[in-house]
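Visitor: okay, sequence plus prediction incoming.
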Amino acid sequence: MVGLVRDALASRGARRSRLERAASIADLRTRAQRRLPAAVFDYLEGAAEDEVTARANKAAFGEITLVPRVLRDASKVDLATTITGIPVDTPILCAPTGFTRLFHPAGENAVAAAAARAGSIYTLSTMATRSIEDVAAVAPEAPKWFQLYVWRDERLVDALIERAKAAGYRALCLTVDTAVLGRRERDHRSGLTIPPRASLRTVIDGARRPAWWWGFLRSDELLLANVASHAPKGTGRTGLAELTNKQFDPAVTWEAAARIARRWDGTFIVKGIQCAEDAQLAVDLGAHAVIVSNHGGRQLDHAPATVRVLPEVVAAVGERIEVLIDGGVRRGTDVIKALALGASGVMIGRAYLYGLAAAGEAGVDRVFAMLHAELRNAMALLGTPTIADIGPSTIRL
Ligand SMILES: Cc1cc2nc3c(=O)[nH]c(=O)nc-3n(C[C@H](O)[C@H](O)[C@H](O)COP(=O)(O)O)c2cc1C
């Protein structure tokens, strides 16, 4: 009996941590859901209206098959590539996400640090809860992009551009799919405000999610770190939709985008392209890359899955500028399918947020480790040991 207990205790000590036991992004999603208050998880996971586009983003990857090629030397698999002239160790980049500290107090800095370790690029959102300068100081040598929303206040836009330039961000990524905020019904139902407000519901929820609340209450105030001087600190009582619809400029046009590109005067990326015609307009204004994105299905529901739009955008502009894609990437094989269709890289949003919410910085490291292991495994089985080997013949539509 004593022996049995001793063995059990020893095996408990040796038991792999929960994080190590997570085998896929879906497992990390489950852990994130357990840790986060329901309203916060819904903000992370939710999308517009019936969430058709968000589901389609993922499902469309499942409809593309891979063509394994055998007896090709797969002893050395290499994920290195170049994106907008920046050498990277991986084609997987971090998409911008607002309010990142809501998911874990380590927030943007943790994601930027993990991205740097992975040899990736981190994109900081205008709606970040850490400042442009703070995040620039995380692994300062690691390449970072800054994502811009067009606020009504032009001075604020110009000030953000100057700060990002001074802090050494390597590209400006203008998000163009947010003339107004998509109708996210989960947030309406939950009444999410940022920072979360004390109510009977939050108190009850706090008892069920003590680890999250403990981290939240101990960390410094959750602020929109880069726009707080010109705009409200958080969402106020009315929530995110009211805040963005009040502050973002719905009258923004391609001329305004051109003005911003000129002012930035460096690598300029347009995020939120969903058809060939708009990709062409982005080329006309001098963009160096476009990101085919529907904001993870969070803006217009029934917009097409991004991987379905990718071929027409690549056909229209792929010879002149780089095309990236995001939306629904949860597996290494998703990355391969996007590259095979002509993307030079993919971005992940929710995937790294699941890791962050589950286990902070280590969780984001785990996301990169998992996706890279999947990517290497698939590249070996496909007989495409380098990123350049992946092409149209790697997939069957
Ligand atoms: C919680 C959350 C916040 C986001 N915030 C921003 C943002 O501030 N700016 C932006 O351009 N896109 C934002 N996005 C969209 C992402 O950049 C990206 O397009 C999307 O997450 C990709 O889909 P995926 O989550 O399925 O990977 C956000 C997405 C999520 C899930």
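Guide: Yep, that arrived.
Visitor: could you use CA atoms for every contact and neighbour count after this?
Guide: Will do.
Visitor: which parts of the protein sit against the ligand?
Guide: 44, 95-98, 125, 127, 175, 293, 295-296, 326-329, 348-351 (CA under 6 Å from any ligand atom).
Visitor: switch to 5 Å and redo it
Guide: Residues of the chain found near the ligand (CA under 5 Å from any ligand atom) are 44, 95-98, 125, 175, 295-296, 326-328, 348-350.
Visitor: following element in sequence after the helix or strand hosting A257, please.
Guide: Secondary structure assignment for A257, by DSSP states H and E: helix 254-264. Downstream of helix 254-264, the first helix or strand assigned by DSSP H and E is strand 267-273.
Visitor: where does this protein dip in pLDDT?
Guide: 1-15, 198, 231-233, 237-238 (pLDDT under 70).
Visitor: mind doing that once more with 90?
Guide: Low-confidence segments of the chain, defined by pLDDT under 90: 1-18, 151-152, 190-207, 221-223, 228-249, 397.
Visitor: what about the strands in it?
Guide: Listed in chain order, the strands of the chain (DSSP state E) span residues 65-66, 81-83, 86-88, 92-94, 122-124, 144-148, 171-175, 267-273, 289-292, 322-326, 345-348, 395-396.
Visitor: mind giving me CSV with these and columns for mean neighbour count?
Guide: Output for the strands of the chain, formatted as CSV (neighbours: other CA atoms under 10 Å):
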stretch, mean neighbour count
strand 65-66, 16
strand 81-83, 17
strand 86-88, 16
strand 92-94, 25
strand 122-124, 29
strand 144-148, 25
strand 171-175, 24
strand 267-273, 25
strand 289-292, 28
strand 322-326, 27
strand 345-348, 24
strand 395-396, 16
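Visitor: now E108: how far from L192?
Guide: Noted for E108: a distance of 20 Å to L192, by CA to CA, to the nearest Å.
Visitor: quick one, which of these two is more surrounded?
Guide: Taking other CA atoms under 10 Å, E108 and L192 do not tie; E108 has more neighbours (30 against 22).
Visitor: which ones are touching that one?
Guide: Counting by CA atoms under 8 Å, 6 or more residues apart in numbering, E108 makes contact with T100, R101, L124, A128, T129, R130, V135.
Visitor: in the helix holding A257, which residues are buried?
Guide: A257, A258, I260, A261, W264 (16 or more other CA atoms under 10 Å).
Visitor: mind checking how far the nearest residue to K165 once chain neighbours are set aside is from L172?
Guide: Spatial nearest neighbour of K165, chain neighbours left out: W264 (7.5 Å); criterion: CA to CA, 6 or more residues apart in numbering. Taking CA to CA as the measure, W264 falls 7 Å from L172.
Visitor: any residues in contact with both of the two?
Guide: Contact criterion CA under 8 Å, 6+ apart; residues shared by W264 and L172: I161.
Visitor: now do the contacts for the residue of the stretch 1-150 of the chain found nearest the ligand.
Guide: When scored by CA to the nearest ligand atom, the stretch 1-150 of the chain has T97 as its residue closest to the ligand, at 3.3 Å. Counting by CA under 8 Å, 6+ apart, T97 makes contact with L124, S125, M127, A128, G349.
Visitor: longest helix anywhere in this structure?
Guide: helix 350-382 (DSSP state H).
Visitor: for that one, which positions count as buried?
Guide: In helix 350-382, counting by 16+ other CA under 10 Å, buried: 350-361, 363-368, 370-372, 374-382.
Visitor: that older thread, export the buried residues of helix 254-264 to CSV and tack on distance to E20?
Guide: Converted to CSV, the buried residues of helix 254-264 look like this (distance: CA to CA, whole Å):
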residue, distance to E20
A257, 44
A258, 46
I260, 44
A261, 43
W264, 42
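Visitor: tell me which of those is nearest to E49?
Guide: Of all the buried residues of helix 254-264, A257 has the smallest distance to E49: 28.0 Å, by CA to CA.
Visitor: and that closest one, how far is that from K271?
Guide: A257 is 12 Å from K271, by CA to CA.
Visitor: also Q33?
Guide: Noted for Q33: a distance of 28 Å to K271, by CA to CA.
Visitor: swap in E162?
Guide: Counting by CA to CA, the gap from E162 to K271 is 20 Å.
Visitor: quick check: closest non-adjacent residue to the residue nearest the centre of the chain.
Guide: Compute the mean C-alpha point of the chain, and by CA atoms, centre = their mean the closest residue is G349, 2.2 Å away. Using CA to CA, 6+ apart and skipping residues adjacent in sequence, the residue nearest G349 is A95, 5.2 Å away.
Visitor: kindly report the same for G297.
Guide: A54 (4.2 Å).
Visitor: I'd say the one you found and L300 touch.
Guide: No. At 10.0 Å, A54 does not count as touching L300 under the criterion of CA atoms under 8 Å.
Visitor: what bridges to P87?
Guide: Counting by DSSP bridges, P87 is bridged to T82.
Visitor: and the closest residue to L66 other than its chain neighbours, how far from the ligand?
Guide: Once flanking residues are discounted, L66 sits nearest to I395: 4.4 Å by CA to CA, 6+ apart. As for I395, its distance to the ligand is 21 Å (criterion: CA to the nearest ligand atom, to the nearest Å).
Visitor: need the contact list for I395.
Guide: I64, T65, L66, V67, K337, A340.
Visitor: reformat these as JSON lines; add distance to G236.
Guide: Output for the contacts of I395, formatted as JSON lines (distance: CA to CA, whole Å):
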{"residue": "I64", "distance to G236": "44"}
{"residue": "T65", "distance to G236": "46"}
{"residue": "L66", "distance to G236": "48"}
{"residue": "V67", "distance to G236": "51"}
{"residue": "K337", "distance to G236": "41"}
{"residue": "A340", "distance to G236": "44"}
